[in-house]
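A.B. asks: Need coordinates for the below:
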Amino acid sequence: MTLPPWLAARAGERGLGSLIDHTLLKPEATADDVLRLCDEARELGLGAVCVNPQWVAICARRLGGSTVKVASVVAFPLGASTSAAKAAEARLAVADGAVELDVVAPIGWIRGGLWLQLADEIAVVTHAVAGRLVKLILETAVLTPAEVRRAGTIAIQAGIGMLKTSTGFHPAGGATPEAVRLLREVAGEQVGVKASGGIRRPEEAVAMLRAGADRIGTSAATGWTGALGPGAPPLEELFR
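C.D. replies: Here you go, the predicted structure:
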């Protein structure tokens with residue numbers, strides 16, 4: 001099977017590894033847990049680790065010299081911080097070694113139609129960490145399709161680099177193929193799409209990739225041995 005356009009550049013890769021953000025955001029996570037996450041990501045050939053801000057520095061040290069990126073969340077999981085606080089948190093994470101930021105959108109603003117405030121906030125955050133990939137978490141399970149389209153369009157215009165489905169912490173639910181398709185419709189080929197929240201099996205990850213994602217956030221990747229590493233089948237084969 002030919003890969004969809006958003007994955008065409010990955011055609012020569014084996015397995016799902018480079019597409020995965022290996023995620024640990026539980027508040028009870030310890031330093032040992034986070035270091036284990038880093039070691040797993042390196043051993044499995046994963047694309048990134050995604051952690052809370054207090055762990056960014058030790059991840060950056062642990063993964064120094066590897067190809068694994070360090071991502072940090074911002075205003076997680078509610079998105080209700082002030083714009084200045086989000087920008088400061090993002091800057092501090094970059095100073096500690098983060099190269100990607102997963103920023104929770106102000107969901108109340110979106111539901112209330114405060115589009116100018118949304119655009120201003122995204123511009124403030126992306127300017128604060130210029131040159132870094134900023135992913136905007138839209139919590140799609142609590143928004144209407146019209147709200148997702150409008151917010152996603154504004155985010156792209158304001159400099160966002162990737163649209164993301166969910167935090168995985170909201171009781172309304174996480175990623176679905178339908179939400180991913182909607183985000184890809186909005187993103188076109190301009191920006192990326194990350195599916196995150198409740199993705200536990202490689203088959204689910206492939207379904208999200210087929211729907212439009214080019215990044216997967218999951219805490220379950222260590223169990224995906226048949227779809228990761230140099231022994232994994234080519235990415236095209238996993239799509240059959």
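
A.B. asks: Just give me the residue closest to the centre of the protein.
C.D. replies: Nearest residue to the geometric centre of the chain (Cα atoms, centre = their mean): residue 194, 4.8 Å.

A.B. asks: Isn't it up against residue 21?
C.D. replies: Yes: Residue 194 lies in contact with residue 21 (Cβ atoms under 8 Å); the separation is 7.2 Å. In short, each C-beta sits where N, CA and C put it, glycine included.

A.B. asks: ok now do residue 115, which residues does it touch?
C.D. replies: 150-151, 154 (Cβ atoms under 8 Å, 6 or more residues apart in numbering).

A.B. asks: repeat that for 7 Å
C.D. replies: 150, 154 (Cβ atoms under 7 Å, 6 or more residues apart in numbering).

A.B. asks: Over to the one 10 residues further on?
C.D. replies: If you count contacts by Cβ under 7 Å, 6+ apart, residue 125 has them with 86-87, 90, 103, 134.

A.B. asks: and it, what helix or strand is that in?
C.D. replies: helix 115-128 (DSSP states H and E).

A.B. asks: Poorly predicted segments of the protein, please.
C.D. replies: 1 (pLDDT under 70).

A.B. asks: all helices for it, in order.
C.D. replies: Taking DSSP state H as the criterion, the chain carries its helices at 31-44, 56-62, 83-96, 107-111, 115-128, 145-157, 177-187, 202-211, 235-238.

A.B. asks: how about the ones you listed, which one is nearest residue 16?
C.D. replies: helix 202-211 (6.0 Å; Cβ to Cβ).
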